[in-house]
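>>> Sequence first, predicted model second:
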Amino acid sequence: MSIPRDAYSVSSSQASTVTPFGTDGTDIASSVASLDSSIPTSPEPSDIGDEDKLPFVSHKDRRGPNGYRFATQCATVDDPNHKDQYGSSSTPIYMSATFKGLPGAEFDYSRSGNPTRSMLQHHLCQLQNCKYSFAVSSGMACLDVITRIVKAGERIIAGDDLYGGTNRLLGYLASHQNIHTDHVDTTDASKVEEMLQKRSQDAAAGKCGKVSMVLLETPTNPCLKICDLRRCAAAAKKWAPDAVVVVDNTMMSPYLMRPLELGVDVVYDSGTKYLSGHHDLMAGVIACDRDDLGKQIAFTINSIGNALTPMDSFLLLRGIKTLAVRMDRQQASAITVAHYLDSLGFKVNYPGLASHPSKAVHDKQAAGPGSVLSFTTGDKALSERIVGATRLWGISVSFGCVNSLISMPCLMSHASIDPKVRAARGMPEDLIRLCVGIEDERDLLDDLENALLQAGAIRRKPSSRSTHLGSTTESSRAASPDPIAYERTPLHTGEPAQQDKVGSLVDDMNRAKLETRGGEGEPRLAQDHPPPTSVVVSAPGKVILFGEHAVVHGVTAVAGSVALRCYASVSPREDGNISLDLPDLGVIHTWNIKELPWSAVPKSIQASGAVPDSLDAGLVSAIEKVVGDTVNESERSHAASIAFLVLYMCIVGESDARAQAFVLRSALPIGAGLGSSAALSSCVAAALTILYGRIPAPANEVSADHSAYVNQWAFLSEKVIHGTPSGVDNSVAVHGGAIAFTRAHPSNTLTVNSMEKLKGFSSFRFLIVDSCVGREGKKLIAHVASQKESDPTRVNAALARIQTIADAAKHLLSGSSGLERTQLVAQLRDLIKQNHTELVGLEVSHPALELIKNKTESFAPTELATKLTGAGGGGCAVTLLPDDFPEEQVRELISELENAGFKCYETRVGGGGFGVKLLQSGEEEAEAKMRFQQANQSQELAAWVDGQDGWVFA
Ligand SMILES: Nc1ncnc2c1ncn2[C@@H]1O[C@H](COP(=O)(O)OP(=O)(O)OP(=O)(O)O)[C@@H](O)[C@H]1O
Ligand SMILES: C[C@@](O)(CCO)CC(=O)[O-]
């Protein structure tokens, strides 16, 4: 038989000598038993069940054929038989199909042999501690080559939790080549043995062909089930001695497991995964020690021509050099992620957890649990929302890459398996697979936690001590002895992810009329169920990173939601009055419904329920008279009360009005630039539209149309409080997430507002510092407008510069700039500084804000960038914290700022939008009302409200 020249054998006598096959294959080394006396070789199990006596020795620490330990071997590519003529440190790429020379020369045609591929295969022999190694075009190409060992009519026994591609190929063999596969649960070696016994008896009785291959995977993908390789291999040798035992070792790589040493005949790896590590090539690697199989495999590869190309061989060689370091890092983070999910109460499949049913078996055959894990949520839609809400975890099939990936196998890698078969094999449809990369594990956990929160899979524990605006930041993990401030949300109450990763542009406040609103003269209720009578709603505040004030004049603003929120509770009253309680401002209004100035509500609104484009001056002045009569009223509460009544009267209408008690609270600092007015407006708009059936009470999720409708009303309320708002604050409060918002304006070409979701924003850390200097946003907005009128040249030039800044920021934060993280942060830092300079030019800064800016920016040794955020004139400043900014320094900076009288919050942006919780019973109503009115600290109220079940979020 002719053997291709690029297959290698490791000589038993010379561990470091690797000899290429001769053209007739005669110099195949006969044995590997004495490769290195320091290598403890695993004794062959005498019979099934002996495995417990076998010690497992980690491959990591053993010396390979060249005397080096695994990580050293990875980095040391050296073939004494193929020294480069120039001494190149990196193996050259022999990009040549043919080689000149006389017959019998070592290389003649790259399908049969290529020097770059030969070097790779030699290196793999060293790493896998085997005689034969072959590099082919993909992992599936490996299986194609290997299954050609099986002849028509013969049988295969395989696992029942196999990779979808493997399953597809086995199906093809059955339909086209009469090679049938019996799938068994390989987690139970006795089942494998039973099947082997049964088939060997059937074959002896002539009822079926013999079993000539046993195909195993461990840990299985994606359920991470464990197969005892020693026991299964021994069972195969006992009942089907001719059967070739094959293992797909892709999940472990030779670093963590070497099945050849456990009695297996052939091992293959998808080199696309851990071996290459960067998802920049497709490759497959086959290893074996048996001469007969080595010859046969080499023959097949040469015959069908699927050997790896020179370029990919080079890339794979390069990737393998870092295999050990990558695996160590990925595995360490996977262990952390698995424990995190486990502690939240998810069912996690990972052999690194003590709860894994076959951990002991795995630990005996592998040197670590690897870096792939999976978990279930109990709800497929919830799983989809979690996957869709991650930012750092890329949605992708495959694994083994330096970047972390998330997927739903039933929709992706295993979609080719019939759903019925998936169900029969116990693969949950809600299964999420996580493939952990080399990123900083704190970022991975933060991103996952944000996604779980956004999706409604977890909620803050009622007892949570977290004081951060963001979910669980690095500092809150460090500060709390119990890092898990969250718990699983009971099922069927999850909130949908606010953002998807695909669509980016959505039309915001200009959507077509909703079906739920009747036409002229029609009743406005369009629901099967009567609207609820009591609700609690909440909406987030926002931080504007770029473009405040300019956004009012048609420039783009970049903003995101923060985790502090405003809240509203509404319950029925018995007395014909409506009450508005504003405990944060110490004001309570009670109005007799009949005495409200209903006639001032424009007829067009009363008839259609349409949201008016502008405030009706007559209605506002009629309401002002009603509100003005109340004692204790301040300028602040006056604006809030008018805004409330405008919405109440327009949305409800005289004929539907019911006696109700409204209590509005803010956990956001009020009038500090974090959008308390918009959050409050959104709460009122959401509560009224739901209570009066203008939109249905959301059962599981809020539709985009309904959110847009709430947003239109919130914008009207903002007009009362802010004068001429841009709409960015209420858009963030209603929709949540991180956005680039551009208002339709004569200065730009837009006819409808544009809201573009920004994928990359939520990965940044910010410090928000409240100057504690109060101000009214409305006055500052008016001040910029008046400058624009009096000095248009200066202001328009500033607006144009801010647009350039916002465009650059939008690009950087879209997640697709392609820049390295440090460069990204550096560029954002410059843009923040430039934007602040422009805001100073627009006269909206304040000495306290400048002091915060100076203190943060002179904070040695890391350069920080700070700008005012929101309307300015006091209020808050925002500082971008670089990823590697040490936690101790954040604490130090915060204490310096707090000593100077400022208040600090560390946050990330991008959580969910408005949320609704229906109050189901009289007790729930009473408790909510009591807590809303009595909690001294709004933070305490927030912790209680957020910890309740039953929220549905936009
Ligand atoms: N809990 C609350 N109770 C009553 N009114 C509130 C409450 N929270 C906010 N408001 C209303 O919102 C106004 C604050 O709006 P303002 O625009 O000045 O600040 P902001 O919305 O917090 O910040 P910015 O708009 O700069 O982002 C208050 O004056 C009040 O009318
Ligand atoms: C100052 C401003 O740009 C932001 C206030 O949070 C006003 C607005 O956009 O409505």
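Done, it's in. Ligands and ions are numbered 1, 2, ... in the order given.

>>> what does the model give Phe764 for pLDDT?
Here, the pLDDT recorded for Phe764 equals 88.

>>> same question but for Ala15, I mixed them up
Looking at Ala15, its pLDDT stands at 30.

>>> Quick one: list the elements packing against the helix or strand harbouring Ile146.
Applying DSSP states H and E as the criterion places Ile146 in helix 139-147. Based on contacts counted as 3 or more Cβ pairs under 8 Å, 6 or more residues apart in numbering; DSSP states H and E, the elements that helix 139-147 packs against are strand 132-136, helix 164-177, strand 244-248, strand 266-270, strand 284-288, helix 291-304. In this view, the C-beta of every residue, glycine as well, is placed from N, C-alpha and C.

>>> Out of these, point me to the one whose mean pLDDT is lowest.
Mean pLDDT per stretch puts helix 164-177 lowest among the helices and strands packed on helix 139-147, at a mean of 90.

>>> Name the residues of it that are buried.
For helix 164-177, the neighbour count (16 or more other Cβ atoms under 10 Å) marks Gly164, Gly165, Thr166, Asn167, Leu169, Leu170, Leu173 as buried.

>>> Can you give me the distance of the fourth one to ligand 1?
Per Cβ to the nearest ligand atom, to the nearest Å, Asn167 is found 55 Å from ligand 1.

>>> circling back: show residues contacting the helix holding Ile146.
Surrounding helix 139-147, the residues in contact under the criterion Cβ atoms under 8 Å, 6 or more residues apart in numbering are 134, 136, 156, 165-166, 169-170, 173, 179, 213, 244, 246, 248, 250, 266, 268-273, 283-286, 297, 300-301, 304, 306.

>>> Okay, angle between that helix and strand 266-270 too, please.
Relative orientation of helix 139-147 versus strand 266-270 (axes from the mean of the first three to the mean of the last three Cα atoms, to 10 degrees): 160 degrees.

>>> Need the residues that contact whichever helix or strand comes after helix 139-147.
Counting by DSSP H and E, the element after helix 139-147 in chain order, helix or strand, is strand 155-159. For strand 155-159, the external contacting residues (Cβ under 8 Å, 6+ apart) are 147, 150, 166, 170, 173, 179-186, 192, 195-196, 199, 203, 208-217, 220, 225, 227, 243.

>>> quick check: mean pLDDT across strand 155-159?
Mean pLDDT, strand 155-159: 96.

>>> Use 769 as the first number from now on
Renumbered: residue one is now 769, and that last one reads strand 923-927.

>>> How far away from the center of its chain is it?
Using Cα atoms, centre = their mean, to the nearest Å, the distance from the centre of strand 923-927 to the centre of the chain it belongs to is 36 Å.

>>> what angle sits between it and helix 932-945?
Computed by the same axes, to 10 degrees, the angle between strand 923-927 and helix 932-945 is 160 degrees.

>>> Please save the CA atoms from strand 923-927 in CSV.
The C-alpha trace of strand 923-927 is given here as CSV (Å, rounded to 0.1, in the frame of the first residue of the first chain):
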residue,chain,number,x,y,z
ARG,A,923,-22.7,-0.9,12.1
ILE,A,924,-21.7,2.0,14.3
ILE,A,925,-22.5,2.6,17.9
ALA,A,926,-22.5,6.2,18.9
GLY,A,927,-23.7,8.6,21.6
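
>>> partner strands of it, parallel or antiparallel?
Here strand 923-927 has these sheet partners by DSSP bridges: strand 948-952 (parallel), strand 979-985 (parallel).

>>> Nearest the geometric middle of this structure, what residue?
By Cα atoms, centre = their mean, the mean C-alpha position of the chain lies nearest to Thr1158, the distance being 2.2 Å.

>>> Settle this for me: that one is touching Ser1175, isn't it.
No - contact criterion Cβ atoms under 8 Å: Thr1158 and Ser1175 do not qualify, at 10.5 Å.

>>> Quickly list the domain ranges of the protein.
Using automatic domain parsing, the domain ranges for the chain come out as 776-1089, 1093-1256, 1278-1524+1683-1721, 1532-1675.

>>> how about the shortest one against ligand 2, any contact?
Yes - contact of domain 1532-1675 with ligand 2 is found when judged by Cβ under 6 Å from any ligand atom, involving Gly1545, Ile1549, Gly1638, Ala1639.

>>> Now for the nearest residue to the last one once chain neighbours are set aside, how many residues are close by?
Spelled out, it's Ala1639. Using Cβ to Cβ, 6 or more residues apart in numbering and skipping residues adjacent in sequence, the residue nearest Ala1639 is Gly1545, 3.7 Å away. Gly1545: 28 surrounding residues under other Cβ atoms under 10 Å.

>>> do the one 3 residues further on as well
Applying other Cβ under 10 Å, we find 25 other residues in the vicinity of Leu1548.

>>> need the contact list for whichever residue of the stretch 1319-1468 of the chain sits closest to ligand 2.
Shortest the stretch 1319-1468 of the chain-to-ligand 2 distance, computed as Cβ to the nearest ligand atom: residue-wise this is Val1319, at 4.6 Å. Residues touching Val1319, when contacts are defined by Cβ under 8 Å, 6+ apart, comprise Ile1312, Ala1325, Ser1494, Val1496, Phe1509, Thr1510, Arg1511.

>>> Just give the nearest non-adjacent residue to it, would you?
What sits nearest to Val1319 in space, not counting adjacent residues and going by Cβ to Cβ, 6+ apart, is Ala1325, at 3.6 Å.

>>> What's opposite that neighbour in the beta bridge?
Counting by DSSP bridges, the residues bridging with Ala1325 are Phe1509.

>>> On the pLDDT front, check the nearest residue to Lys1115 once chain neighbours are set aside for me.
Once its chain neighbours are removed from consideration, Lys1115 has its nearest residue in Thr1144; the separation is 4.9 Å (Cβ to Cβ, 6+ apart). Listed pLDDT for Thr1144 reads 95.

>>> do the same with the one 3 residues further on
pLDDT, Asp1147: 88.

>>> Touching, it and Ile1200? I think so.
No - the pair Asp1147 / Ile1200 is not scored as a contact, 11.2 Å apart, by Cβ under 8 Å.

>>> Could you check which of these two has the larger neighbour count?
For Asp1147 versus Ile1200, the count of surrounding residues by other Cβ under 10 Å is larger for Ile1200: 27 against 19.
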